[in-house]
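K.L.:
pasting the structure only:
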C-alpha cells in the first residue's frame, strides 16, 4: 500500500509559478513510477507529467511541455511538479499518482494509488 500526500497548490496570477509536492510512504520512491494528473470542472482527468522509478525518464503532456518540470527526490520519497508560466487554462485540481511499476504510464487507470488532490487556480 502506498500513501500519497500532496501540498503546494494555491492561487496565482497568470505568468506566475507554483511548486507542488507529493510525499509517498509505504514503498520506496525508486520502486514506483509516479505521475501528476489534473481535472478541471466538467472535464475528464488528464495526464500532466510522469517520472520513472529511478527518475531517469520523464514524460509530459504537450500542453505543459517547456513550462512544467517533474522531479523526484528519492531520499525524501517525494515527487515535485514545478509549474512555471502558468495560464488560466492550467486551473484544476492536481492529483499525484503512483503505480506498482517503475515504468511510466500516461493512462490514469494504470495508476494504483492517488493523493487527495490540491487546487491550483490561475487568475488572468
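P.N.:
Happy to help now that I have it. All values derive from a computational prediction rather than experimental measurement. Residues are numbered from 1 along each chain as shown.
K.L.:
Could you give the bridge partners of residue 72?
P.N.:
Assessed by DSSP bridges, residue 72 has beta-bridge partners residue 79.
K.L.:
Could you report the neighbour count for it?
P.N.:
Residue 72 has 24 neighbouring residues, counting by other C-beta atoms under 10 Å. Every residue, glycine included, has its C-beta placed from N, CA and C.
K.L.:
Next: residue 65.
P.N.:
Neighbours of residue 65 using other C-beta under 10 Å come to 11.
K.L.:
So it: helix, strand or coil?
P.N.:
Following DSSP: H, G, I helix; E, B strand; the rest coil, we place residue 65 in the coil state.
K.L.:
Could you tell me the phi and psi values at it?
P.N.:
The phi/psi pair for residue 65 (degrees, to the nearest 10) reads phi -60, psi 130.
K.L.:
any idea how far residue 4 is from it?
P.N.:
Per C-beta to C-beta, to the nearest Å, residue 65 is found 24 Å from residue 4.
K.L.:
ranges for the helices of this protein?
P.N.:
With helices called from DSSP state H, the chain shows none.
K.L.:
What residues are recorded as beta-bridge partners of the residue nearest the centre of it?
P.N.:
The centre of the chain sits closest to residue 36, judged by C-alpha atoms, centre = their mean, with a distance of 2.3 Å. Beta-bridge pairing for residue 36 (DSSP bridges): residue 49, residue 96.
K.L.:
Could you report the distance from it to residue 124?
P.N.:
Distance of residue 36 to residue 124, given as C-beta to C-beta: 23 Å.
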